[in-house]
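Trainee: kindly return the folded structure for what I paste below:
(2 chains)
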Amino acid sequence: AQTVTQSQPEMSVQEAETVTLSCTYDTSENNYYLFWYKQPPSRQMILVIRQEAYKQQNATENRFSVNFQKAAKSFSLKISDSQLGDTAMYFCAFRNNAGNMLTFGGGTRLMVKP
Amino acid sequence: NAGVTQTPKFQVLKTGQSMTLQCAQDMNHNSMYWYRQDPGMGLRLIYYSASEGTTDKGEVPNGYNVSRLNKREFSLRLESAAPSQTSVYFCASSEVGRRGDEQFFGPGTRLTVL
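Mentor: Purely as a prediction, here's the structure:
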C-alpha cells in the first residue's frame, strides 16, 4: 500500500514571498501520478497541480510549481508571490497507474500574512 | 453545469440511526468516490465505483454501504451510525484519461453522530 507523508502541519509566509510545502511518498511502482490539492475554509477541494511520474520535467501552473525527485520519492510544492487567497490546507495525493484511487497525506495548513 | 453536488450539507444523528448521503455529478464521468475527512487529517477513501454497476471497498469501508444508482448518482448509507463516523464526507468523480484523471469534488457533508 502507498503512503503519503506531509511533515509540516502548519506553515506561514508573508504576502508576496515564496513558500515550499514538502511531501514524501512510499511506493514500489514505477508509473504513478502525484497531485497537490488546496482546501480553503469553504472546504471545497481544488486541484492545484499534477505530475506524471514518467515525466522528468517539473509541472508548473502559474505561481505554483513542483520539485519532483523520483529517486528520493519527494514531491514538494512551491508557491511564488504568495497571495492572501492562498491561505488554505494543502494536501499531497498519490494515484497509481493501474487504478484511480487517491491516497492523501495529512495536509499542511498554510497561512499567508499581510 | 453544477459539477458534483451533495445532499445534505449538514446532518446530526443519534447513535444507531441510519441515513443516506446523496451524490450526483453532471460531467458524464464513469468513476465516483466517497471519502471521509476527520479533523486534522487527509481524505480517506471509503468506497468507489469505477463504472456504473460496480462498487469496491476503499481504505475504510466498515460501517458503510454504497449504491451506484445510475451513471450520475452514487449514494453512501450508514445503517447504524456510531460516534466514530462523525466526519466530513466528500463525494468525487473522475474520468480516466480526461483532464489528466482529475477528481472533481463535491462541497462535502458535515455529519455529527451523538
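Trainee: nearest residue to the middle of chain A?
Mentor: Of all residues in chain A, the one closest to the mean position by C-alpha atoms, centre = their mean is residue A:36, 3.3 Å from it.
Trainee: dump the residue contacts of that one.
Mentor: Neighbour list for residue A:36: A:21, A:23, A:47-50, A:64, A:66, A:75, A:77, A:90-93 [criterion: C-beta atoms under 8 Å, 6 or more residues apart in numbering or on different chains]. Bear in mind the C-beta positions are built from the backbone N, C-alpha and C, glycine included.
Trainee: JSON lines for the residues you listed, including neighbour count and distance to residue A:13?
Mentor: Shown next, in JSON lines, are these (neighbours: other C-beta atoms under 10 Å in any protein chain shown; distance: C-beta to C-beta, whole Å):
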{"residue": "A:21", "neighbour count": "22", "distance to residue A:13": "10"}
{"residue": "A:23", "neighbour count": "27", "distance to residue A:13": "17"}
{"residue": "A:47", "neighbour count": "17", "distance to residue A:13": "21"}
{"residue": "A:48", "neighbour count": "20", "distance to residue A:13": "15"}
{"residue": "A:49", "neighbour count": "20", "distance to residue A:13": "18"}
{"residue": "A:50", "neighbour count": "19", "distance to residue A:13": "23"}
{"residue": "A:64", "neighbour count": "16", "distance to residue A:13": "14"}
{"residue": "A:66", "neighbour count": "25", "distance to residue A:13": "17"}
{"residue": "A:75", "neighbour count": "28", "distance to residue A:13": "19"}
{"residue": "A:77", "neighbour count": "24", "distance to residue A:13": "12"}
{"residue": "A:90", "neighbour count": "23", "distance to residue A:13": "12"}
{"residue": "A:91", "neighbour count": "26", "distance to residue A:13": "18"}
{"residue": "A:92", "neighbour count": "27", "distance to residue A:13": "18"}
{"residue": "A:93", "neighbour count": "25", "distance to residue A:13": "22"}
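Trainee: output these as JSON lines; include the columns secondary structure, pLDDT and distance to chain B.
Mentor: Converted to JSON lines, the contacts of residue A:36 look like this (DSSP: H, G, I helix; E, B strand; the rest coil; pLDDT from 0 to 100; distance: C-beta to the nearest C-beta, whole Å):
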{"residue": "A:21", "secondary structure": "strand", "pLDDT": "98", "distance to chain B": "13"}
{"residue": "A:23", "secondary structure": "coil", "pLDDT": "98", "distance to chain B": "11"}
{"residue": "A:47", "secondary structure": "strand", "pLDDT": "93", "distance to chain B": "5"}
{"residue": "A:48", "secondary structure": "strand", "pLDDT": "96", "distance to chain B": "11"}
{"residue": "A:49", "secondary structure": "strand", "pLDDT": "95", "distance to chain B": "10"}
{"residue": "A:50", "secondary structure": "strand", "pLDDT": "93", "distance to chain B": "5"}
{"residue": "A:64", "secondary structure": "strand", "pLDDT": "97", "distance to chain B": "15"}
{"residue": "A:66", "secondary structure": "strand", "pLDDT": "97", "distance to chain B": "14"}
{"residue": "A:75", "secondary structure": "strand", "pLDDT": "97", "distance to chain B": "14"}
{"residue": "A:77", "secondary structure": "strand", "pLDDT": "98", "distance to chain B": "15"}
{"residue": "A:90", "secondary structure": "strand", "pLDDT": "97", "distance to chain B": "10"}
{"residue": "A:91", "secondary structure": "strand", "pLDDT": "96", "distance to chain B": "5"}
{"residue": "A:92", "secondary structure": "strand", "pLDDT": "96", "distance to chain B": "8"}
{"residue": "A:93", "secondary structure": "strand", "pLDDT": "95", "distance to chain B": "8"}
